[in-house]
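Student: Fold the following.
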Amino acid sequence: MKKVFCNLFGHHYSVSKKVTQHIKEYKCIHCNKQVTTDVSGNLSALTPELQDINNTLERIYQRRHRDAQQVA
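Tutor: Okay, here's the model as predicted:
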């Protein structure tokens, strides 16, 4: 039933994870479809490869910001 809602009205995404300031992962609140922002800023299906890339970006982003705060 939930997939029918998304087929009729479209997905209703909410942010499920903030990878960086510009890259986020989203999840549909009705059917649990997961997407992420790509290089162009468009939404792309969250594949295992993109999920691995996002995890790596998140580690680099957190490390860089943690190091910057320690210097300041």
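Student: Just give the nearest non-adjacent residue to the residue most central in space within the chain, would you?
Tutor: Residue closest to the average C-alpha location in the chain (C-alpha atoms, centre = their mean): residue 25, at 1.2 Å. Closest residue to residue 25 apart from its sequence neighbours, by C-beta to C-beta, 6 or more residues apart in numbering: residue 17 at 4.2 Å. (Each C-beta comes from the backbone N, C-alpha and C, glycine too.)
Student: Is that neighbour in contact with residue 24, as I believe?
Tutor: Yes. Between residue 17 and residue 24 a contact is recorded at 6.7 Å, counting by C-beta atoms under 8 Å.
Student: returning to what we had before: can you tell me the element the residue nearest to residue 25 falls in?
Tutor: In this structure, residue 17 sits in strand 13-18 according to DSSP states H and E.
Student: ok, and what's touching that strand?
Tutor: 24-29, 34-35, 43, 54 (C-beta atoms under 8 Å, 6 or more residues apart in numbering).
Student: Check what pLDDT the residue lying closest to residue 12 once chain neighbours are set aside gets.
Tutor: Closest residue in space to residue 12, ignoring its immediate chain neighbours: residue 29 at 5.2 Å, by C-beta to C-beta, 6+ apart. Note for residue 29: predicted pLDDT of 93.
Student: quick one: low-confidence ranges for this protein?
Tutor: 71-72 (pLDDT under 70).
Student: from the middle of its chain, how far away would the longest helix along it be?
Tutor: In the chain, with assignment by DSSP state H, the single longest helix is helix 48-71. When C-alpha coordinates are averaged (C-alpha atoms, centre = their mean, to the nearest Å), helix 48-71 and its chain have centres 13 Å apart.
Student: List the buried residues for it?
Tutor: In terms of neighbour count (16 or more other C-beta atoms under 10 Å), helix 48-71 has its buried residues at 50, 54, 58, 61.
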